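Novice: Structural data only, the sequence is not supplied:
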């Protein structure tokens, strides 16, 4: 089967490999990166979940008892440590993402994760939890019923678990309490655009496209990842100015790259990734291992000695067969897309195709960055 596949591959490569032409298309500026200052911020808080059906933290969790005692104390109830033995509560960490621009009263979704030894957060309710930013300021308050998306039940040493019930979500349960607004204009009166994929050619093309669209001299490329655009208007006109910038079309300079995943057998490469003239030789070596097991049953002697047992003997035969039709093929300059397509039509497996591509890269004939996952 292997020799037949290789022979079919050679016939198909000789007849079907034809160069392809990649058609370059412009990409809006919004698809190439982001404006400097427009970013999300992480929020974190420490809270308490109540209403659990016996699946909360055990009494061994001292932090749970202390947290519950502090909550009850703020509500005017004084209890001792020995009076807290409920498994219907759990201490949690609450995380959320604060958008670049938010107003007071906007809603956020949050993720709740158990800190103690709780088995499940299903059916619980998060008590009011302040969410702080990196500057230790409170930006939101989270409270409400949780959606766990899993369960963990146990009874008489029988336990069934689905998904990860110690993590839950709070959809729209966090409210913004402090308004935030991204600072888009720098001290020098310019707006910065940051490329998601740093590239000197792309940065230069972005600056040229902005100057052609909005006027010469406004944009300057300051490296492979940043373009500065001069802004002389007031704050009220900033939104319209940024909207016009986002619609500027630029043809990015794509770095040739090929990604292969040996675990899943996936090959991803741009259609324009080229291969220089190369010779491929692949032999067919088949290794066959046969093992036969024999068991002796000394029933007669077992009656005279208690230490006499059965004996299992394994005989192994190893055969190595060299291919009689080893193949060598010479390919002209072509692309990875054409080569992979031809190998696929010849019914060559994906993992064998990955091996061929890795060998071509090692030979210096593949003109792209090879990323192996």
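Specialist: Ah, there it is. Predicted, not measured: the structure shown is a model, and the values here were computed from it. Numbers count the residues shown, from 1 in each chain.
Novice: From here on, just use CA atoms for contacts and neighbour counts.
Specialist: OK.
Novice: I'd say residue 202 and residue 253 touch.
Specialist: Yes - using CA atoms under 8 Å, residue 202 makes contact with residue 253 at a distance of 5.3 Å.
Novice: out of those two, which sits in the busier spot?
Specialist: Neighbours per residue, other CA atoms under 10 Å: of residue 202 and residue 253, the larger number sits with residue 202, 21 against 16.
Novice: just the helices in this protein please.
Specialist: Taking DSSP state H to define them, one finds helices in the chain at 2-16, 62-74, 200-214, 238-246, 299-302, 336-345, 350-362.
Novice: Which one of those lies nearest to residue 164?
Specialist: Closest approach to residue 164 among the helices of the chain is made by helix 62-74 (20.7 Å; CA to CA).
Novice: tell me the mean pLDDT for that closest one?
Specialist: For helix 62-74, mean pLDDT rounds to 85.
Novice: Now it: buried residues?
Specialist: 64, 65, 67, 68, 69, 71 (16 or more other CA atoms under 10 Å).
Novice: What is that helix packed up against?
Specialist: In terms of contacts (3 or more CA pairs under 8 Å, 6 or more residues apart in numbering; DSSP states H and E), helix 62-74 is packed against strand 90-98.
Novice: Which neighbours in the sheet does the strand it packs on have, and how are they oriented?
Specialist: Using DSSP bridges, strand 90-98 pairs in its sheet with strand 41-50 (antiparallel), strand 107-114 (antiparallel).
Novice: Those strands: which one's closest to residue 238?
Specialist: strand 41-50 (22.2 Å).
Novice: Okay, buried residues for that closest one please.
Specialist: The neighbour-count check on strand 41-50 (16+ other CA under 10 Å) flags 43, 44, 45, 46, 47, 48, 49, 50 as buried.
Novice: Closest one to residue 359 out of the residues you listed, please.
Specialist: Among those, and counting by CA to CA, the member closest to residue 359 is residue 43, at 47.5 Å.
Novice: got the contact list for the closest one?
Specialist: 95, 96, 97, 98, 131, 132, 133, 134, 139 (CA atoms under 8 Å, 6 or more residues apart in numbering).
Novice: Contacts only, for the last one.
Specialist: Listed by CA under 8 Å, 6+ apart, the contact partners of residue 139 are 43, 130, 131, 132, 133, 176, 177, 178, 179.
Novice: Just give the closest residue to the third one, not the sequence neighbours.
Specialist: When you say that, I think you mean residue 131. residue 45 (4.6 Å; CA to CA, 6 or more residues apart in numbering).
Novice: And the one you found, how close does it get to residue 141?
Specialist: Distance, residue 45 to residue 141, using CA to CA, to the nearest Å: 9 Å.
Novice: what is in contact with these two at once?
Specialist: Counting by CA under 8 Å, 6+ apart, the common neighbours of residue 45 and residue 141 are 129, 130, 131.
Novice: Whichever of those end up buried, select them in PyMOL.
Specialist: In PyMOL syntax, the buried subset of these is picked out as below (16+ other CA under 10 Å):
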select buried, resi 129+130+131
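Novice: just the shared contacts of residue 45 and residue 141 now: which is nearest residue 170?
Specialist: Distances from residue 170 to the shared contacts of residue 45 and residue 141, taken by CA to CA, are shortest for residue 129, at 11.9 Å.
Novice: Could you verify my assumption that that closest one touches residue 46?
Specialist: Yes - with contact defined as CA under 8 Å, residue 129 reaches residue 46; the gap is 6.5 Å.
Novice: Overlap of the contact sets of these two?
Specialist: Residues touching both residue 129 and residue 46 by CA under 8 Å, 6+ apart: residue 94.
Novice: Residue 149: neighbour count?
Specialist: Close neighbours of residue 149, defined as other CA under 10 Å, add up to 15.
Novice: ok so, going back, Serialize the buried residues of strand 41-50 to a markdown table and add fields for distance to residue 218 and pLDDT.
Specialist: Shown next, in a markdown table, are the buried residues of strand 41-50 (distance: CA to CA, whole Å; pLDDT from 0 to 100):
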| residue | distance to residue 218 | pLDDT |
| --- | --- | --- |
| 43 | 36 | 95 |
| 44 | 40 | 96 |
| 45 | 43 | 95 |
| 46 | 47 | 93 |
| 47 | 49 | 93 |
| 48 | 53 | 93 |
| 49 | 54 | 93 |
| 50 | 57 | 92 |
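Novice: Nearest to residue 275 among these?
Specialist: Distance to residue 275, by CA to CA, is smallest for residue 43 among these, at 48.4 Å.
Novice: Tell me the bridge partners for the closest one.
Specialist: For residue 43, the beta-bridge partners are residue 96 (DSSP bridges).
Novice: so residue 42 makes contact with residue 100?
Specialist: No - the criterion here is CA under 8 Å, and residue 42 misses it with residue 100 at 10.7 Å.
Novice: Restricted to strands, list the shared contacts of residue 45 and residue 141.
Specialist: Counting by DSSP state E, the shared contacts of residue 45 and residue 141 place 129, 130, 131 in strands.
Novice: hmm, back to that, among the contacts of residue 139, find me the one that's closest to residue 272.
Specialist: Among the contacts of residue 139, residue 43 lies closest to residue 272 (CA to CA), at 43.0 Å.
Novice: what's the spacing between that closest one and residue 145?
Specialist: 19 Å.
Novice: and what of residue 206?
Specialist: Look at residue 206 and residue 145: by CA to CA, they are 47 Å apart.
Novice: More neighbours: which of the two?
Specialist: Set residue 206 next to residue 145 and count neighbours by other CA under 10 Å: residue 206 wins out with 26 against 19.
Novice: State the distance from that one to residue 247.
Specialist: Residue 206 is 12 Å from residue 247, where distance means CA to CA.
Novice: Kindly point out which residues are neighbours of both of these two.
Specialist: Counting by CA under 8 Å, 6+ apart, the residues touching both residue 206 and residue 247 are residue 29.
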